[in-house]
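Trainee: quick one: sequence plus predicted model below, questions after.
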Amino acid sequence: MTTAAPVLSDRVGLAPLGWLTLALTVLLAPHALNQPAWVVALALLSVGWRYMAARQGLRLPGRWLLALTALAATVGVVATHGTLLGRDAGVSLLLVMTGLKMLESRTPRDAMLTVFLGYFVVVTHFLYSQEIPVVLYLAAAMVLTTMALIRLNAVGPPPTLREHAGLAGLMLVQAIPVMVILFLLFPRLPGPLWGMPQDEPAARTGLSDSMSPGSISELLQSNAPALRATFPDGPPPAPLRYWRGPVFSAYDGRTWRPLPDFPYSPDPEPPLAPGTLTYSVMLEPHHNRWLLALDRPASVPAGARLNPDYVLSTRRPVHRLETYNLTSAPAAPLESELNPQRREQNLQLPGGAAPRARALAEAWLAETDAPSEVVQRALEFFNREPFRYTLSPPRLDRDPVDQFLFESRAGFCEHYAGSFVFLMRAAGIPARVVTGYQGGEWNRAGGYLLVRQSDAHAWAEVWLEGQGWVRVDPTAAVAPERIEQGIHAALSGDANVPAFLRRGEGLGMIMTLRFQWDYWRDVTAYYWNGWVLGFGPDRQREFLERLGLGHLDWRGVVGLMVGLLLAVAMVFGLAFLWRNRRPQRDPLARMYRRFARRMARVGIAPHPHEGPRDFAHRVARERPDLRDAVTRFTRTYEALRYGPDPDPDQFKALRLHLRELS
Amino acid sequence: MKLSAQILEPAVRWLTRREHPAGREVTLHRRRIYIVPTRAGYVYALMLVIMLVGAFNYSNSMAFMLTFLLAGLGANSIWHTHRNLLGLRVSRMPLEPVFAGEQALCRYRIENPSHVPRRALLLIRGDIASEPVAVMDRSNTIAHISLPARRRGRLRPGRFTLATTYPLGLFQAWSWIEFDEAVTVYPAPLSTRAETAGPGDDSREFPPLVRAGGEFAGLREYQPGDSLRHLDWKALARTGDLYTREFEEQQGRDLWLDWDSLPAADTETRLSMLCFLVLRADAQRARYGLRLPGLVCQPALGPEHRHRCLTALALFGQSA
């Protein structure tokens, strides 16, 4: 009977609508960066209209118009995204519907639903970015949304702004312990629950799955991190910092491509070579199906496999930050036996291309039989002739290899690696192009190596009898400082490079500050990425192991979680009861108890049945020395307790009398 | 609705078996406060489940974080909603008599001894709710809820609910409150003219009412309810005290409102008529007495007398 929901006024007031409008505007507007302009505009317009309707008496659209708009918007979403499913279309739809729901909100119940949709909009922002500034912005938006929710329920006299904002903030802060416990202990499942929507950002940065002129130089312009690697035993020496990515063996005269994959995996177990490196990698999403590893990988992380070219490949594209542990054996041989088919594939050359390069290779063959000698000749060639390392080489249109080797002689790693492999194949030595990253910046504070997109590199591998694949970096023959000190050093004279790449030159004040800023920002990003964004099943396990709880199965973890939640609830409950406890007993009674304690110390305690006056008489009899003081105290006490008008001065006097007794 | 009432009624009785109608004041202790999710609370929970599934699908850490934060927020609102009622002191205010067919206004004083304002408090009885009120910290507010008075007699407002969903609207906390109180419902006044008088004659049934202006008899101290017209202004100017001039009235000029003198009609109609007559006599400041079967109110004048007479009518034929 009486549990019926309160019969609230059936109209939302202007003030709650104002707060809701503010919160939704803050939530919707930034989606202009990720969403079609019309979607955000329609949503914002609907919200604004609803507010103006309440404020200025603007007419609200009728049911039919709303239904039509919703239908048209749905069609628009399909037209824009080509689908209703997936991240972008889903978010578009949510934004439009949130706006329209707001427009349709007449009752408080509608408005509550709109607030809930607002909370959903918060989540959708995280599908695009989880960077710290975004999170801070959304935290502020959460406070506003919660304020809107509170204001909606504050029927009757409204709270002051201070009380209102304070309550929203307090409630959110008090929710944090629960959030932390759930975040750390709620069982996590690996991977998506259903087919991962193919959501890829429009602009991808990272190595690509083929190498044609210019593909790497674009990357070199980017300061974005590619991966961060933690080495417990300190950073690997600079010459070993070759991060192996896609390997290309097929060449059509212009573009290098990988061989078609086939399901054969070499045995990754290395002979226990000295100098094995153990480390963990945090790989930025690059939306391709490989993981990067220090040359050459000697273990395979879960969910990946080693392909015949010794590239770690994954089943799904890396759409999220990926964390994995690895060992690498830089000195271990790679494919000591080359079967005829693979030998053939790594000797293939497009017919008729680069006649001068072929002639040069044949000239070397005429001089020596030993493949290693030929390799040496080629490197000497690059070293001796006036080759230049530059990020802005002239365009090569006719025959890229011949033009580069004999005319322009200006280029960077992809030109050197590509033409070197061409020369080797022309000389009958199996060779291939390896792309990846070379170098990295050691971050002492974070204890990790930061590899940026600008560290992208291409080098060559030649197959030598008895040694297997051997890494040869022709760029090193031209610009050794590129390998030893990184790309900044190699480009110090080149005017056409971004400022950040010229970090090596005379570090001015500004550059130093900027460098420091970048440095610490990257440390923050490292921990944020590693422990917050990358917190998945693996990290959770690792976390439990660090706590010494590695033996718990999921039931144990859930038990622990529930226990901790109950503990939090108990702490809250106790704090809550403490704050709402009954008011202090009356101060006069407390005074008398203190008096009684003091007297007990002298050896005369009042009996429970004894009134103050009787007690005073007894004291007067037994301790005449205390008679006056006790009489004074008792008289004042009686006056305060039973007298007509208690006087604050009397209370002070009582305190003085008590002090006289000690 | 019917079914839920059938289930709810015994449940409520069982829950409140230790709560007895309070005399004057009720303090909302922990044990008196009940709390359940509202419909919006269930929708909120559903939203959290959907968010969680999305977070799993995208393995999105911040989505997990937000979902869990909202879960914490929802759980936290249990405390806050509960706290919005905790420790409030509700006391009843005197109930003013009403006439049958009117709305009795039940007023309750809500006192907040704590340092936190309490907001969006509603009194609910049946399907009638009061205007929401707020009680500021260390302060009090009077909330009122109307109660339809359909029949004359003593109306017991019975149990009502003090409820709130503040601050988030996800949970509703409430407490059942019942005071040992009753409102006197006078019969609805019914004009005698329509019932009894012939055309053009409205005074046949009753003697003409005495106007002020009998023989001056002397002064007595002013009593509340005395007409200002009878004030002795000269005495006021002289002494600064209020005196009423009394007029000699003949015994026979007292007005008797007599049950037996009314045309035969059923009890309730007669009572309504008498009610009307009492009101008219009172308005015209005539001394009147009331004679009912088994009960006589001696002629007098003033609000107390009026109340006595109307109460006699209200309770006629009822025990207590």
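Mentor: Done, it's in. Note that this is a predicted model, so its numbers are computed, not measured.
Trainee: ok, residues contacting the helix or strand where A:M179 lies?
Mentor: Applying DSSP states H and E as the criterion places A:M179 in helix A:161-185. Outside helix A:161-185, the residues that touch it by CB atoms under 8 Å, 6 or more residues apart in numbering or on different chains are A:142-143, A:146-147, A:150-151, A:154, A:158-159, A:535, A:540, A:543, A:557-558, A:560-561, A:564-565, A:568, A:572, B:61, B:64-65, B:68-73, B:75-77, B:80, B:117, B:167-168. All C-beta atoms are positioned from the backbone trio N, CA, C, and that covers glycine.
Trainee: could you report the pLDDT at whichever residue of the stretch 451-600 of chain A sits closest to chain B?
Mentor: Closest residue of the stretch 451-600 of chain A to chain B, CB to the nearest CB: A:L533 (4.8 Å). Per-residue confidence at A:L533 stands at 83 (pLDDT).
Trainee: same check, this time on B:D201
Mentor: B:D201 is assigned 41 on the pLDDT scale.
Trainee: kindly report the same for the one 10 residues further on.
Mentor: Looking at B:R211, its pLDDT reads 39.
Trainee: coming back round to it: hmm, which of the contacts of helix A:161-185 are the buried ones?
Mentor: Buried members of those, counted by 16 or more other CB atoms under 10 Å in any protein chain shown: A:142-143, A:146-147, A:150-151, A:154, A:159, A:535, A:540, A:557, A:560-561, A:564-565, A:568, A:572, B:61, B:64-65, B:68-73, B:75-77, B:80, B:117, B:167-168.
Trainee: of those residues, which belong to helices?
Mentor: A:142-143, A:146-147, A:150-151, A:540, A:557, A:560-561, A:564-565, A:568, A:572, B:61, B:64-65, B:68-73, B:75-77, B:80 (DSSP state H).
Trainee: buried stuff in the helix holding A:M179?
Mentor: Within helix A:161-185, the residues that qualify as buried are A:163-165, A:167-168, A:171-172, A:174-175, A:177-185, counting by 16+ other CB under 10 Å.
Trainee: stretch A:289-307 now?
Mentor: Buried residues in stretch A:289-307, counted by 16+ other CB under 10 Å: A:289-301, A:304-307.
Trainee: do the same with stretch A:623-631
Mentor: A:626, A:629-631.
Trainee: for stretch A:545-552, same thing?
Mentor: A:L552.
Trainee: residues contacting that stretch, please?
Mentor: With contact meaning CB under 8 Å, 6+ apart, stretch A:545-552 is reached by A:541, A:544, A:556-557, A:560.
Trainee: hmm, A:L277 is touching A:G234, no?
Mentor: No. Checked against CB atoms under 8 Å, the pair A:L277 and A:G234 is beyond contact range at 10.3 Å.
Trainee: can you list the domains in the chain?
Mentor: If you meant another chain, say so; for now it's chain A. A:14-158, A:215-328, A:340-440+A:455-498, A:587-660 (automatic domain parsing).
Trainee: wrong one, I was asking about chain B
Mentor: Following automatic domain parsing, chain B resolves into domains at B:20-185, B:187-210+B:253-320, B:211-248.
Trainee: against A:L227, how distant is the residue in the stretch 1-150 of chain B that chain A sits nearest to?
Mentor: Chain A sits closest to B:G72 of the stretch 1-150 of chain B, with a gap of 3.0 Å, by CB to the nearest CB. Noted for B:G72: a distance of 34 Å to A:L227, by CB to CB, to the nearest Å.
Trainee: on that earlier part again, where strands are concerned, which of the buried residues of stretch A:289-307 count?
Mentor: Using DSSP state E, the subset of the buried residues of stretch A:289-307 located in strands is A:290-291, A:293-294, A:304-306.
Trainee: as CSV, the residues you listed with distance to chain B and pLDDT would be great.
Mentor: Shown next, in CSV, are those (distance: CB to the nearest CB, whole Å; pLDDT from 0 to 100):
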residue, distance to chain B, pLDDT
A:W290, 19, 90
A:L291, 17, 92
A:A293, 22, 92
A:L294, 26, 91
A:A304, 17, 87
A:R305, 21, 87
A:L306, 24, 87
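Trainee: closest to B:N112 out of the residues you listed?
Mentor: A:L291 (62.3 Å; CB to CB).
Trainee: just to check, the closest one is in contact with A:T323?
Mentor: No. The criterion here is CB under 8 Å, and A:L291 misses it with A:T323 at 10.4 Å.
Trainee: okay, and the common contacts of these two?
Mentor: Common neighbours of A:L291 and A:T323 (CB under 8 Å, 6+ apart) are A:281, A:283.
Trainee: does B:A173 sit in a helix, a strand or a coil?
Mentor: Secondary structure, DSSP: H, G, I helix; E, B strand; the rest coil: B:A173 is strand.
Trainee: mind listing what it touches?
Mentor: Applying CB under 8 Å, 6+ apart to B:A173 gives the contacts B:33-35, B:81-82, B:84-85, B:163-165.
Trainee: next: A:V532.
Mentor: B:61-62, B:65.
Trainee: can you tell me how far it sits from A:Y448?
Mentor: 16 Å.
Trainee: can you check A:P386 too?
Mentor: Taking CB to CB, one finds A:P386 at 39 Å from A:Y448.
Trainee: please, where are all the strands along the stretch 101-250 of chain B?
Mentor: B:103-112, B:118-125, B:128-129, B:133-135, B:139-148, B:153-155, B:160-164, B:171-177, B:183-186, B:215-221, B:243-248 (DSSP state E, counting those that start in this stretch).
Trainee: need those in JSON lines with mean pLDDT and distance to A:P587, can you?
Mentor: Formatted as JSON lines, these follow (pLDDT from 0 to 100; distance: least, CB to CB, whole Å):
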{"stretch": "strand B:103-112", "mean pLDDT": "90", "distance to A:P587": "22"}
{"stretch": "strand B:118-125", "mean pLDDT": "91", "distance to A:P587": "27"}
{"stretch": "strand B:128-129", "mean pLDDT": "84", "distance to A:P587": "42"}
{"stretch": "strand B:133-135", "mean pLDDT": "91", "distance to A:P587": "26"}
{"stretch": "strand B:139-148", "mean pLDDT": "89", "distance to A:P587": "23"}
{"stretch": "strand B:153-155", "mean pLDDT": "90", "distance to A:P587": "45"}
{"stretch": "strand B:160-164", "mean pLDDT": "92", "distance to A:P587": "32"}
{"stretch": "strand B:171-177", "mean pLDDT": "93", "distance to A:P587": "31"}
{"stretch": "strand B:183-186", "mean pLDDT": "91", "distance to A:P587": "42"}
{"stretch": "strand B:215-221", "mean pLDDT": "62", "distance to A:P587": "47"}
{"stretch": "strand B:243-248", "mean pLDDT": "64", "distance to A:P587": "51"}
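Trainee: winner for burial among these?
Mentor: strand B:160-164 (a mean of 25; mean count of other CB atoms under 10 Å in any protein chain shown).
Trainee: where do the strands of the stretch 251-400 of chain A begin and end?
Mentor: Taking DSSP E, counting those that start in this stretch as the criterion, the stretch 251-400 of chain A carries its strands at A:256-257, A:277-283, A:290-291, A:293-294, A:304-306, A:312-314, A:322-328, A:388-389.
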